[in-house]
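**Student:** Sequence below, structure please.
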Amino acid sequence: MADTAATLIDGFSFLEGPRWHDERIWLSDFYTHQVVSAREDGSDLRVEATVPQQPSGLGWLPDGRLLVVSMRDRRILRREPDGTLVTHADLSGHATGHLNDMVVDADGRAYAGNFGFDLMGGAPLEPASLHRADPDGTVTEVATEVWFPNGSVITADGVLLVNETFGNRVTAFDLTKDGRLADRRTWAEFGPLPADREIEKALAQISVAPDGCCLDAEGALWIADATGGRLVRVIEGGEIVDEVRPGTQPFACALGGSDGRTLFACVAPDFHETARKAAREARLIAVRVAVPGA
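**Tutor:** The predicted structure follows:
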């Protein structure tokens, strides 16, 4: 069992997309529209970018420039050396819901998921596609029928793992040299697909709702269970080998810190847009774990 969670920083609306980069923890705060970063102890908080259409997934190009998802207008933005944000890729003609989390490979190709339907508006559950945005901005559909593609990682041997929040599972793809996704398979399954498309009924049928995630050095995934109030450490096949219950709901996580053994987690009372916009109850917490990040 991991150690007890400690709050590092608080007073946010809804935090997502934590990443450990350049000795700092980076985060997106949905409803203040800011990308922020801090030292591993939560000090030296600074605003890295302002994204009016709601920031989410973060990543970096090989040359060090920041990429950030702009959710509502379904674009990926790029921060230039002078700090300005420009459109890196426009997915508005491709994504069928808010653009969401993202992972960037060593060649600068960004793989992004989207909601697939109007989650906050209460629309029925629908699957979505995964898209790849190349460094030149070209957008390509690389997978279909993904049930709310969310947190994603790329393993050292070139496997893309994608959390399907409403799918009760983590799905794996082999990344080809030209950026295609091959050999689709289930990496971890926590239960069957929900039988209902109505959101509240579907949520009740989910055993683990995998939201954000991060990979550790032993190839296990730490997953924020978006309905279970816990962070779970999962190995291939779906066995849960450790968990942390922070006392509130975690939605995303990242491993980092000076020794790689700090599990950072974004927590909030719930994910409902109206409530989160009206309050500043989101926090970044930290838990010490045994196995460092990959």
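
**Student:** drop to CA atoms for contacts and neighbour counts, all remaining ones
**Tutor:** Fine.

**Student:** Next, the buried residues of the least confident helix or strand in the chain by mean pLDDT.
**Tutor:** One helix or strand of the chain scores below all others by mean pLDDT, DSSP states H and E: helix 199-204, with a mean of 84. Residues 199, 202-203 are the ones in helix 199-204 that count as buried (16 or more other CA atoms under 10 Å).

**Student:** and it, how far out from the chain's middle?
**Tutor:** The chain centre lies 21 Å from the centre of helix 199-204; the measure is CA atoms, centre = their mean, to the nearest Å.

**Student:** send the alpha carbons of it over as CSV?
**Tutor:** Extracted in CSV, the C-alpha atoms of helix 199-204 (Å, rounded to 0.1, in the frame of the first residue of the first chain):
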residue,chain,number,x,y,z
ILE,A,199,-24.8,8.3,-18.6
GLU,A,200,-25.9,7.7,-15.0
LYS,A,201,-26.9,4.1,-15.8
ALA,A,202,-23.7,3.5,-17.7
LEU,A,203,-21.6,4.9,-14.8
ALA,A,204,-23.3,2.5,-12.4
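
**Student:** Looking at the buried residues of helix 199-204, which one is closest to Ala156?
**Tutor:** Leu203 (32.6 Å; CA to CA).

**Student:** Mind listing the strands the helix or strand where Trp26 lies pairs with, and their directions?
**Tutor:** When elements are assigned from DSSP states H and E, Trp26 belongs to strand 24-29. Paired strands of strand 24-29, with direction, are strand 15-21 (antiparallel), strand 34-38 (antiparallel) (DSSP bridges).

**Student:** Mean neighbour count, these: which tops it?
**Tutor:** Most buried of those, by mean neighbour count (mean count of other CA atoms under 10 Å): strand 15-21, with a mean of 25.

**Student:** and it, how far from the chain's centre?
**Tutor:** Relative to its parent chain, strand 15-21 has a centroid offset of 8 Å by CA atoms, centre = their mean.

**Student:** do stretch 54-67 as well
**Tutor:** On CA atoms, centre = their mean, the centre of stretch 54-67 falls 13 Å from the chain's centre.

**Student:** buried ones in it?
**Tutor:** Applying 16+ other CA under 10 Å to stretch 54-67 flags 54-61, 66-67 as buried.

**Student:** among the residues you listed, which two are most distant?
**Tutor:** Maximum pairwise distance among the buried residues of stretch 54-67 (CA to CA): 20.6 Å, between Gln54 and Leu61.

**Student:** So what touches the least confident helix or strand of the chain?
**Tutor:** By CA atoms under 8 Å, 6 or more residues apart in numbering, the surrounding residues in contact with helix 199-204 are 122-125, 166, 194-196, 227.

**Student:** circling back to that earlier point, tell me the buried residues in the strand holding Trp26?
**Tutor:** So for strand 24-29, counting by 16+ other CA under 10 Å, buried means 24-29.

**Student:** isn't Arg78 right next to Gly108, touching?
**Tutor:** No. At 11.7 Å, Arg78 does not count as touching Gly108 under the criterion of CA atoms under 8 Å.

**Student:** that older thread, going by neighbour count, which of the contacts of helix 199-204 comes out on top?
**Tutor:** Counting neighbours by other CA atoms under 10 Å, Phe166 leads those with 29 neighbours.

**Student:** Would you quantify the distance from the nearest residue to it once chain neighbours are set aside to Arg288?
**Tutor:** Counting by CA to CA, 6 or more residues apart in numbering, Trp147 is the residue found nearest to Phe166 once chain neighbours are left out, at 5.3 Å. Trp147 sits 31 Å away from Arg288, going by CA to CA, to the nearest Å.
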